[in-house]
Every structure is written in structure tokens, then in C-alpha cells.
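>>> Coordinates only, no sequence provided:
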């Protein structure tokens, strides 16, 4: 049966479901009886590939044979429900397993006590994580306390899970204290431990403390991974900590660690907001030439330049996006917005009018933005023409664009035009 289990696992990883079924049929034909680990392998293979119902069907098959899941298989089923976000079902399944009750999926059961049950560290880690993500923080803490009372050694995975849980529930002090006591529980901090602490401290706006944990990780002769660097780099970027960010970039370069586009944009924006326009452009261009920027990120870069009044730079990013043939309505919208901030009203209109040429259809935001820009610039007559087009496109769902243009006419003393548009709105 061991050889069949290995083959079932291999075929499951390769998503060869027909061959899995064939192998199962062959097992039955040859009288090879499946064991707990066989079903666990099958449930795990299907659930990891997102085939929850098929995985549960194997659990039903197991139960129909009068076989109860062992601890490992139980843990696999709990993980199945956790992956699906069904934390309550995961908890109910575990409670029924503890009681040794007949397993009938979907049947409610009363809360049961499992104070004296000893489980493996891996199972405890799974349960703590499941309780935490299911909003059962108190139960997770009780489970953790139970492990300690039983005098069991805690592995790093379980401790990391609890540290993460404390932090996510706003108990940062307890998370840090547990980290300090890891040695008492025979747990050795690993890179993931430090990554959790770095992330939690940044989330609580304690960047200096996050930096200290990053340094302590190095002092412990642990190698920071790309997650460590990107988490800290993004925090530095959004806080305009240029010197610290550039030091991390140099370190990442020496280790050939890649920067994702999300962090790339944060760095570009850092330079823009720090008034370092040349550096921002060099940084953006580096990623543009490498072809590592998505349409969404192009629009974010355009917006960063546009919001700070760097209209020419925003226009250059738009052209770069056009060169890569990644233009969407989003790039047009943020560039129109940038032209508005830069008071380039003719360019805003020309860009809007060119959308069809690129096979892009203007949306409600495109029209609303341009109408607002023109009305605010005391150009209600031009704004009115775009309002008419917006109406023809069936994109006027409220009175806001009308009110903007009416206000502009009123401001200029053109009351007849304002009244005419008001009647049209009604």
C-alpha cells in the first residue's frame, strides 16, 4: 500500500485525476486495502488543487468503510476547510473527531472538552491558526495554554503562528514577549519569525523597531529573504526614508533579489514626493525598459507625477505605456486628471478625444473628470458638450455632472445657460 500511496501523491501533484481513479480501481481489484494515510493522501491532493468537493467525497468514502481519520488525516481535513475559509466547519470537524463521534458532514455538534487530549505540535499549530483566522482568538489562546500545561515542547512553527496571531489581534507586546521566551519553549527563531515581527511592527507604525528586528536577524546569522527586504523597503518608501531605502536597495542588488512592481511604484512615489524628480525618473525607466510594469502600475506612476504637478513627467509615463501597448481607460483617466492639475485643458480634451483611436472606451470616470476640470477652469460651454456626449453614452446616473456645469455658468453670470441646463437635468 505504501507504493500506491506514493503513486497517488505523485499523480495528484501532476493533476492526473483520471490516472488517480484508475490506480484506485487497480488497488481494489488486487485486494490492496487502503489505510488512513491513503485517504489522507487523496484528500490532501484534491484539496490543495482547489477541488474541495472531490476531497470531501474521499472523506465520505473513508467513513463509509467504517474507518475513522487518524490525527494526520484529521489535520488534513481541517486544513481543507481552512483553505476554503470555512473556519467554523473546521472547528466542528475537529470537535467531532475529539469525541470520536460518527462523522456526518454538516451535522451540528455541541461544544466538547478536549483538555486531556495530546496532539502533535503540527496539529496544534494548525488548530491555533484555524481558530485565529476564524475569529476565535480566546480559543486559540486556550489551546496554546493547554500545550504549555501539558509540558510539551513547542516547535518554531507553532510559536510563529501564535506570535502572528497576537500581533493580528493588536497584542504586539505579547507577540514580542513570546519571541523573547522562545528559547524557554525549545523553539529557535527562524527567518519567518523575524519577518512576522518586522511586518507587525510596521503595521503598528513602529518602523525603528522593525529595523532593529531586521538587524537582529542578521546578527543571529539568519539570511533575510526577499519578503524581509520588500516589507521593510515598502515601509521606508511610504515614509520617505530615502537613505534607508537606498541602503536596502544596494543590499538587494548584491544578492540579486528582485523588487516587485508594487514596491517599485512606492519607491518612484517616494522620490517624487521628496522632490527628487531625476532619481524618480531613472528608477521608473529602469523597470519600464525591463518590461516589468503592468498597466495598473503605469497608471499609478502617472498619478504620482500628476498629483504633484509634474505634468510633463506624467505625460512621458503615458507615452511609455503606449509604447508597451498596455493602454487602458485607467491610464487615460489619470493622465486627463494630471492635465487638469497642470491646467493643460486643451491637452486633456485632445487626449479624451483620442481614446477611440486606441480602441479604448471612455467610462463614467473619464467624462466626470474632464467635465469637472473644464467647469472648474471656467469653460462651461466646452464642459457642456462633453456632458451631452456622456448623456448619449448612457453614463449619467445622477445630477452631479449637471450641477458642476450649472455652477460654472452661474459663476460667470451666464444665468440663461444655467437655467437651460437645469431644465434639461429635470
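Looks like it came in fine. Quick caveat, the model's predicted, so the values are computed rather than measured.

>>> Surely residue 351 touches residue 334?
No: using C-beta atoms under 8 Å, residue 351 is not in contact with residue 334; the gap is 10.8 Å. Using the backbone N, CA and C atoms, a C-beta is placed for each residue, glycine as well.

>>> what about those two, which has more around it?
residue 334 (25 against 21; other C-beta atoms under 10 Å).

>>> which residues are contacting stretch 393-408?
Here stretch 393-408 makes contact (C-beta atoms under 8 Å, 6 or more residues apart in numbering) with 362-364, 367-368, 371-372, 374-376, 378-380, 383-384, 387, 390, 418, 421-422, 424-425.

>>> May I see the buried residues of it?
For stretch 393-408, a neighbour-count test (16 or more other C-beta atoms under 10 Å) marks 395-396, 401-402, 404-406, 408 as buried.

>>> who's in contact with the residue lying closest to residue 13 once chain neighbours are set aside?
Leaving out its chain neighbours, the residue that sits closest to residue 13 by C-beta to C-beta, 6 or more residues apart in numbering is residue 45, at 6.9 Å. Residues in contact with residue 45, defined by C-beta under 8 Å, 6+ apart, are 8-9, 11-13, 20, 55.

>>> Unless I'm misreading it, residue 58 sits right up against residue 46, doesn't it?
Yes: the pair residue 58 / residue 46 is scored as a contact, 6.7 Å apart, by C-beta under 8 Å.

>>> Strands of the stretch 101-250 of the chain, start to end?
Assigned by DSSP state E, counting those that start in this stretch, the strands in the stretch 101-250 of the chain number zero.

>>> Do you have the helices of it handy? List them.
121-133, 137-149, 156-168, 172-180, 191-203, 207-219, 226-238, 242-254 (DSSP state H, counting those that start in this stretch).

>>> closest one to residue 339 among those?
helix 226-238 (26.4 Å; C-beta to C-beta).

>>> Only the buried residues of that closest one, if you could.
For helix 226-238, a neighbour-count test (16+ other C-beta under 10 Å) marks 228-238 as buried.

>>> Give me the secondary structure label for residue 292.
What DSSP: H, G, I helix; E, B strand; the rest coil gives for residue 292 is coil.

>>> check contacts around it.
Residues in contact with residue 292, defined by C-beta under 8 Å, 6+ apart, are 261, 264.

>>> Angles on the backbone of it, please.
When read as degrees, to the nearest 10, the backbone of residue 292 gives phi -100, psi 20.

>>> Show me how far the helix or strand where the residue nearest to residue 13 lies is from its chain's centre.
For residue 45, the host element (DSSP states H and E) is helix 36-48. Computed by C-alpha atoms, centre = their mean, to the nearest Å, the separation of helix 36-48 from the middle of its chain amounts to 28 Å.

>>> center of this structure, which residue is that?
The residue lying closest to the centre of the chain (C-alpha atoms, centre = their mean) is residue 262, at 11.3 Å.

>>> these two touch, right, that residue and residue 233?
No: here residue 262 does not reach residue 233: they are 10.4 Å apart, not a contact under C-beta under 8 Å.

>>> export the buried residues of helix 226-238 to a markdown table and tack on distance to residue 249 and pLDDT?
Shown next, in a markdown table, are the buried residues of helix 226-238 (distance: C-beta to C-beta, whole Å; pLDDT from 0 to 100):
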| residue | distance to residue 249 | pLDDT |
| --- | --- | --- |
| 228 | 14 | 96 |
| 229 | 9 | 97 |
| 230 | 11 | 97 |
| 231 | 14 | 96 |
| 232 | 11 | 97 |
| 233 | 7 | 97 |
| 234 | 12 | 96 |
| 235 | 14 | 97 |
| 236 | 10 | 97 |
| 237 | 10 | 96 |
| 238 | 15 | 95 |
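
>>> Going by distance to residue 248, which of the residues you listed wins?
residue 233 (4.9 Å).

>>> which residues touch the residue nearest to the closest one when sequence neighbours are not counted?
Distances taken as C-beta to C-beta, 6+ apart put residue 248 closest to residue 233, at 4.9 Å, once the chain neighbours are dropped. Residues in contact with residue 248 (C-beta under 8 Å, 6+ apart) are 229, 232-233, 236.

>>> swap the cut-off to 10 Å and go again
Contacts for residue 248 (C-beta atoms under 10 Å, 6 or more residues apart in numbering) come out as 211, 214, 224, 228-230, 232-233, 236-237, 241, 257, 259.

>>> how much space between it and residue 198?
For residue 248, the distance to residue 198 equals 12 Å [C-beta to C-beta, to the nearest Å].

>>> how many neighbours does residue 202 have?
With neighbours defined by other C-beta under 10 Å, the count for residue 202 comes to 21.

>>> So for the closest residue to residue 220 other than its chain neighbours, what's the pLDDT?
Using C-beta to C-beta, 6+ apart and skipping residues adjacent in sequence, the residue nearest residue 220 is residue 189, 6.8 Å away. pLDDT for residue 189: 92.

>>> hang on, residue 189 packs against residue 216?
Yes: if you go by C-beta atoms under 10 Å, residue 189 and residue 216 touch, sitting 8.8 Å apart.

>>> Much appreciated, bye for now.
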